[in-house]
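S.K.: this is a predicted model, with the sequence first.
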Amino acid sequence: MYVAHLTLVDFRSYVTAEVPLDPGATSFIGRNGQGKTNLVEAVDYLSRLSSHRVAGDAPLVRAGADRALVRAAVVRDGRQAVLEVEIRPGSSNRARVNRADLPRARELVGLVRTVLFAPEDISLVKGDPSGRRTFLDDLLVMRAPRLAGVRQDYERILKQRNSLLKTAGAARRGSSADSALSTLGVWDAHLARAGAEILAERLRLVAELRPYVGNAYATVARGATSDDAGLDYRPSFDVGDRHDRPFLTDRLLAELERRRSDELDRGISLVGPHRDELLLTLGNGEQRLPVRGYASHGECWSFALALRLASYDLVRADGDDPILILDDVFAELDSERRGQLAELVAGAEQVLVTAAVAADVPEKLAGTRYAVADGEVSRES
């Protein structure tokens with residue numbers, strides 16, 4: 001899979017941009033603030049309908065415009081399709097395939113697959129659990145796009161249930177308490193069904209991803225072995241050894257009932273995949289310690305890179321070859337690790353690289369180069 005042509009209209013700093021792309025490696029070279037990351041961000045947005053840099057869509061629309069357009073001609077197995085999304089902050093986005101409207105924009109998710117690594121990924125290991133949950137869920141949706149709907153349903157149910165918990169907690173001593181608690185039981189069932197599906201998929205994903213993370217860490221961290229990097233999923237309640245959906249649904253319902261009083265007191269849902277943690281560790285046996293809080297900056301950086309490389313390898317093992325995006329990564333690595341990373345990814349069908357200085361990009365990824373300056377993208381001869 002690769003993008004053969006990228007079109008932007010009012011996206012970030014670009015009024016318009018037309019960028020033809022080739023398979024293999026392509027580098028966008030330019031000083032910070034010139035718009036090179038905006039180009040790869042647009043490709044990644046088509047994959048996930050979200051940005052790796054900001055939480056909402058509003059910053060993606062050029063100042064003074066009310067909407068933005070990202071369009072890409074994508075080639076897969078020798079066949080080309082034109083995918084596009086119209087970003088409309090404050091309203092529903094519109095998506096099209098070969099100029100035909102899709103019923104919902106989220107149906108675009110998964111049609112183009114990307115794995116992106118950027119300096120912001122250090123937060124995967126140093127930041128809050130929410131970032132690691134998002135990492136897992138994005139990977140789940142890329143491999144099984146139908147889970148985008150499950151994810152949205154869960155977030156909607158969670159929001160409604162939290163609102164009801166606040167209301168029911170305040171009403172516990174009033175005449176409306178029975179009605180509020182009865183309604184809460186209905187939302188418990190909804191949360192358990194959607195939550196159990198997400199939980200089962202995350203548990204399975206972590207088990208599949210674990211050996212890839214170990215191998216990737218051994219490659220990018222000096223002196224490390226594949227046993228040094230650990231990956232474990234820690235649910236918000238005891239799930240035992242069974243991880244099938246019916247069992248997890250029953251366990252989640254039981255835990256919601258057990259924690260009912262605490263939830264009413266606090267007015268928030270305390271159980272479910274929104275409270276789970278992806279635990280990252282380094283070391284062997286009893287010496288294994290959490291990466292967050294114990295690892296050096298270099299170890300954290302290597303672990304973050306290993307997570308992304310493992311994601312890429314896992315998706316490739318599914319039989320697909322995602323577009324690999326390396327956004328300003330090589331400036332953070334010494335020459336030895338630059339070479340190791342280039343060796344690992346050089347065989348990808350398409351690699352998009354951004355760098356402030358051309359010399360930062362290893363020769364193995366020389367490929368096609370574009371200069372990016374003052375909002376202009378020009379191909380170098």
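M.R.: Done, it's in.
S.K.: buried ones in the helix or strand harbouring Glu155?
M.R.: Per DSSP states H and E: Glu155 is located in helix 147-171. Within helix 147-171, the residues scored as buried using 16 or more other C-beta atoms under 10 Å are 147-148, 150-151, 153-154, 157-158, 161-162, 164-165, 168-169, 171. C-beta coordinates here come from the backbone N, C-alpha and C atoms, glycine included.
S.K.: cool, stretch 114-124 as well?
M.R.: 114-118, 121-122, 124.
S.K.: count the neighbours of Ala224 for me.
M.R.: A count of nearby residues for Ala224, using other C-beta atoms under 10 Å, gives 18.
S.K.: and the nearest residue to it once chain neighbours are set aside, what pLDDT?
M.R.: Closest residue to Ala224 in three dimensions, ignoring its sequence neighbours and counting by C-beta to C-beta, 6 or more residues apart in numbering: Ala218, at 4.9 Å. Confidence at Ala218, expressed as pLDDT, is 90.
S.K.: if we can go back for a sec, which pair in the buried residues of stretch 114-124 spans the largest distance?
M.R.: Pairwise distances across those peak at 19.3 Å for Thr114 and Ile122 (criterion: C-beta to C-beta).
S.K.: what about the helices in the stretch 251-381 of the chain?
M.R.: For the stretch 251-381 of the chain, the helices defined by DSSP state H, counting those that start in this stretch cover 260-266, 297-317, 335-345.
S.K.: what does the average pLDDT come to for the first one?
M.R.: Within the predicted structure, the mean pLDDT of helix 260-266 is 91.
S.K.: the spatially closest residue to Ala25 that is not a sequence neighbour: what's it in contact with?
M.R.: The shortest distance from Ala25 to any non-neighbouring residue, by C-beta to C-beta, 6+ apart, is to Gly367 (3.1 Å). Neighbouring residues of Gly367 by C-beta atoms under 8 Å, 6 or more residues apart in numbering: 22, 24-27, 351.
S.K.: how close does Ile29 get to Asp128?
M.R.: Going from Ile29 to Asp128 by C-beta to C-beta, to the nearest Å gives 34 Å.
S.K.: what's the answer for Ile198, then?
M.R.: 18 Å.
S.K.: which helix or strand contains the one residue sitting closest to the centre of the chain?
M.R.: Geometric centre of the chain, nearest residue: Asp138, 3.8 Å, by C-alpha atoms, centre = their mean. For Asp138, the host element (DSSP H and E) is helix 129-143.
S.K.: any idea where the strands of the stretch 151-300 of the chain begin and end?
M.R.: Secondary structure of the stretch 151-300 of the chain (DSSP state E, counting those that start in this stretch): strands at 229-234, 277-282, 289-290.
S.K.: just how off-centre is stretch 317-336 within its chain?
M.R.: Centroid separation for stretch 317-336 versus its chain: 15 Å, with C-alpha atoms, centre = their mean, to the nearest Å.
S.K.: measure it end to end?
M.R.: Stretch 317-336 has an end-to-end distance of 27 Å (criterion: C-alpha to C-alpha, to the nearest Å).
S.K.: remind me, longest helix of the chain?
M.R.: Counting by DSSP state H, the longest helix found in the chain is helix 177-220.
S.K.: low-scoring stretches of the stretch 201-350 of the chain, by residue?
M.R.: 285 (pLDDT under 70).
S.K.: which of Ile29 and Asp128 has more neighbours?
M.R.: When Ile29 and Asp128 are compared for neighbours, Ile29 comes out ahead with 21 against 10, by other C-beta under 10 Å.
S.K.: enumerate every residue touching the nearest residue to the more buried one once chain neighbours are set aside.
M.R.: Of all residues not flanking Ile29 in the chain, Ala358 sits nearest, at 4.9 Å (C-beta to C-beta, 6+ apart). By C-beta under 8 Å, 6+ apart, Ala358 lies in contact with 27, 29, 369.
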